[in-house]
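S.K.: okay, predicted coordinates and the sequence, questions at the end:
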Amino acid sequence: METVNTTARLSALRSLMRDNGVDVYVVPSEDSHSSEYIADCDARRAFISGFTGSAGTAVVTHDKAALATDGRYFNQASKQLDGNWELLKTGLQDVPTWQEWAADQSAGGKTVGVDPAMIASAIAEKLDEGVKKSGGAGLKAVSENLIDPIWGADQPARSNNPVFLLSQKYAGKDTATKLADLRKELDKKKAAAFVLSMLDEIAWLFNLRGSDITYNPVFFSYAIVTQDSATLYVDASKLSGECQTYLDQNKVSVKPYGELFSDAKALASAAETKESGAEPPRKYFVSNKASWALKLALGGDKFVDEVRSPVGDAKAVKNDTEQEGMRQCHIRDGAALTRFFAWLEDQLINKKAVLDEVAAADKLEEFRTKQKDFAGLSFDTISSTGPNAAVIHYKPERGACATIDPNAIYLCDSGAQYFDGTTDTTRTLHFGTPTPAERKAYTLVLKGNIALDTAIFPKGTTGYAIDCLARQFLWKYGLDYRHGTGHGVGSYLNVHEGPIGIGTRKQYVDVALAAGNVLSIEPGYYEDGAYGIRIENLAIIRETKTEHTFGDKPFLGFEHVTMVPYCRKLIDEALLTADEKRWLNDSNAQIRGNLEGYFREDALTRAWLERETQPF
């Protein structure tokens, strides 16, 4: 995690700000599709600040610069930012949000600028209000992104990778059916059309996948769906004959990616014409994550409603095929992880090998590539030893990472893409003798994982409401962690998928959990400069039979699908209840039953699996 000298970059940006009449300039992390994970060509915030975490916003004035990020990245940002930057630790008491900081800097009639394609409309409008309230001139849409000319020839080119069709044996539902369901929602809400800008929603709706963003099987595109048409905006050269045939069969037309905004303006013009009629025209729906630029092109508030995406909601509820795919791919992925952990322990303890964090991550990827339907990793592997494990989203750099210490905590957070699902698993191990403090912390985290896994709750419950179940055992000792407890996961799509999750984010208050959702359960604990612990499983929400059905509401519970043993030597058995031991024994028996067939010819892994899954 090197520190980048940003002095020259900031000087060049400030010059462009003056040329464009901007006093405060905002550089979000996202691309024009509000993607969390972005293509290299869109990493503008990382370029200007030097901070490479996936979440954060940079704000630059003529004499100051601030970078806001959340608790996952406090440690990383403090190491990567140079002396030009102030770190705003989002969520801490008395620390302003980036919006508040930008508004404060605008006092005295100053103008705040942003590329309208890189900021969600809802955020832009709220920022404009805050700026004006603080005495600023308002928020200005700067159509040319001011980072690009500074980046210049070094800015990576936008990818033009091929798009491919995801077979229905993996997707479980064809595009015609998905379009029909969407049109029912549009008709119910009296919408003229839905304009899609989120890349994973487009990939899911049309049963297509791509590779324009590393680890995320999506492709650059937009789409417009009306009651009688569906148009996919994508460069046709990316589509195979099979894709084109499938789209034709499902009555989807294709137009160039770059034509979306001109068509959006044409829709706005058509709405303007209809407005003079007897009835007001139906509005165009966009996601509440759609860009400010897209909303402006469609005519603004007059003709546009921002809504929680009906496609995002539908995508988050996995059909039976997708659920079974999640179960099966996690068995195969569990076999790869189990083989890796057995190999790593043997290398470090028996063979006294010297391995660094990247070498270990490479070996894990090698094991994964041998699994059926493997399509790539789902994110950068977090392979971290000792103090590095306390950096929540640590990424080991080749040639500049730590050697794995067999006498320290080792945390591995990794995942893969398979045609039948997406995985994300964290296990924390110790190959030597853990300290009593490490064993206690690990066990408290494990108890939180078990408590959430076994929770039963009525339909309509949110992820916000059950977050405390995973934290309660840490809270008892005055401990906690600075990240969410769970996030939605796509089906051979993005490893972080909205709108559902478990945590304290506002959206988790608003969106109820539902049968068919797939989420992570991942409490943790991090001791800066010493070690980090996280235990993460993926789970499917299912209806659960209960003795009573209060209020005639069905009750829901979790079915965990991750099949990887827990670290026995880190478990303090004295802290476990009889029910928790029973849960562990049942889980271990299930893991062993699903995995042992993979290791008939592998005595080393079979012995490791048997040892780690022995009953308590």
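M.R.: Alright, I've got the coordinates.
S.K.: now do the closest residue to Ala58 other than its chain neighbours against Trp343, distance only.
M.R.: Closest residue to Ala58 apart from its sequence neighbours, by CB to CB, 6 or more residues apart in numbering: Val27 at 4.1 Å. No exception for glycine: its C-beta is placed from N, CA and C like everyone else's. Separation of Val27 from Trp343 (CB to CB, to the nearest Å): 42 Å.
S.K.: out of those two, which sits in the busier spot?
M.R.: Neighbours were counted for Val27 and for Trp343 using other CB atoms under 10 Å; Val27 has more, 25 against 20.
S.K.: check what pLDDT that one gets.
M.R.: Val27 carries a pLDDT value of 98.
S.K.: same thing with Ser276?
M.R.: 63.
S.K.: chain center to the top helix by length along the chain, what's the gap?
M.R.: Criterion DSSP state H: the longest helix present in the chain is helix 320-345. Centroid separation for helix 320-345 versus its chain: 20 Å, with CA atoms, centre = their mean, to the nearest Å.
S.K.: which positions in that helix come out as buried?
M.R.: By neighbour count on 16 or more other CB atoms under 10 Å, the buried set for helix 320-345 is 321-323, 325-326, 328-345.
S.K.: again with stretch 42-61
M.R.: Within stretch 42-61, the residues that count as buried by 16+ other CB under 10 Å are 42-61.
S.K.: tell me, which strand in the protein spans the most residues?
M.R.: strand 537-544 (DSSP state E).
S.K.: so which residues make contact with that one?
M.R.: 318, 323, 326-327, 330, 423-425, 449, 453, 456, 489, 513-522, 554-562 (CB atoms under 8 Å, 6 or more residues apart in numbering).
S.K.: what about the buried residues of stretch 42-61, which are in helices?
M.R.: Using DSSP H, those in helices are 44-49.
S.K.: ramachandran coordinates for the residue nearest to the spatial centre of the chain?
M.R.: In the chain, the centroid-proximal residue (CA atoms, centre = their mean) is His496; its distance is 2.5 Å. When read as degrees, to the nearest 10, the backbone of His496 gives phi -110, psi 120.
S.K.: identify the residues contacting it.
M.R.: Counting by CB under 8 Å, 6+ apart, His496 has contacts 36-37, 487-489.
S.K.: show me those that map onto strands.
M.R.: Reading strands off those with DSSP E, I get 487-488.
S.K.: check the contacts of His496 and tell me the two furthest apart.
M.R.: Spanning the widest gap among those are Tyr37 and Gly488, at 14.2 Å by CB to CB.
S.K.: mind giving me the packing neighbours of the helix or strand harbouring Glu129?
M.R.: In this structure, Glu129 sits in helix 121-133 according to DSSP states H and E. Judged by 3 or more CB pairs under 8 Å, 6 or more residues apart in numbering; DSSP states H and E, helix 121-133 is in contact with helix 98-105, strand 111-114, strand 138-141, helix 292-297.
S.K.: just the terminal-to-terminal distance for stretch 428-445.
M.R.: Length of stretch 428-445, first residue to last, CA to CA, to the nearest Å: 11 Å.
S.K.: what does that stretch contact?
M.R.: By CB under 8 Å, 6+ apart, stretch 428-445 touches 341, 344-345, 348-349, 389, 406-412, 473-474, 476-477, 479, 523-525, 527, 531-535, 567, 569-572, 575-576.
S.K.: next up, the contacts around Glu242.
M.R.: Neighbouring residues of Glu242 by CB under 8 Å, 6+ apart: 164-165.
S.K.: the helix or strand hosting it: what's the following helix or strand?
M.R.: Assessed by DSSP H and E, Glu242 sits inside helix 241-249. Sequence-wise, the next helix or strand beyond helix 241-249 is strand 253-255, with elements assigned using DSSP H and E.
S.K.: contact partners of the helix or strand that comes right after that next one?
M.R.: Scanning forward in sequence from strand 253-255 by DSSP H and E, the next helix or strand is helix 260-274. Taking contacts as CB under 8 Å, 6+ apart, the residues outside helix 260-274 that touch it are 192-193, 195, 222, 224, 231, 233, 255, 281, 283-284, 293-294, 297-299, 302-303.
S.K.: and those, which of them are in strands?
M.R.: Checked against DSSP E, the contacts of helix 260-274 include these in strands: 192-193, 195, 222, 224, 231, 233, 255, 283-284.
S.K.: mind checking pLDDT for the closest residue to Gln507 other than its chain neighbours?
M.R.: Leaving aside its chain neighbours, Gln507 sits nearest to Pro499 (5.7 Å; criterion: CB to CB, 6+ apart). For Pro499, the model assigns a pLDDT of 96.
S.K.: touching, Pro499 and Val311? I think so.
M.R.: No: assessed by CB atoms under 8 Å, Pro499 is found out of contact with Val311, at 10.8 Å.
S.K.: ok, Ser11 to Val59 distance?
M.R.: 16 Å.
S.K.: could you do Thr90 as well?
M.R.: For Thr90 relative to Val59 (CB to CB), the value is 12 Å.
S.K.: what does Val218 give?
M.R.: Counting by CB to CB, the gap from Val218 to Val59 is 28 Å.
S.K.: got the confidence number for Leu493?
M.R.: Listed pLDDT for Leu493 reads 98.
S.K.: I'd like the average pLDDT over the helix holding Glu242.
M.R.: The model assigns helix 241-249 a mean pLDDT of 97.
S.K.: same check on stretch 300-313?
M.R.: Stretch 300-313 comes out at a mean pLDDT of 96.
S.K.: now do stretch 86-95
M.R.: Mean predicted lDDT for stretch 86-95 stands at 95.
S.K.: now it, how far from the centre of its chain.
M.R.: 22 Å.
S.K.: any idea how far apart the tips of that stretch sit?
M.R.: Stretch 86-95: ends 11 Å apart by CA to CA.
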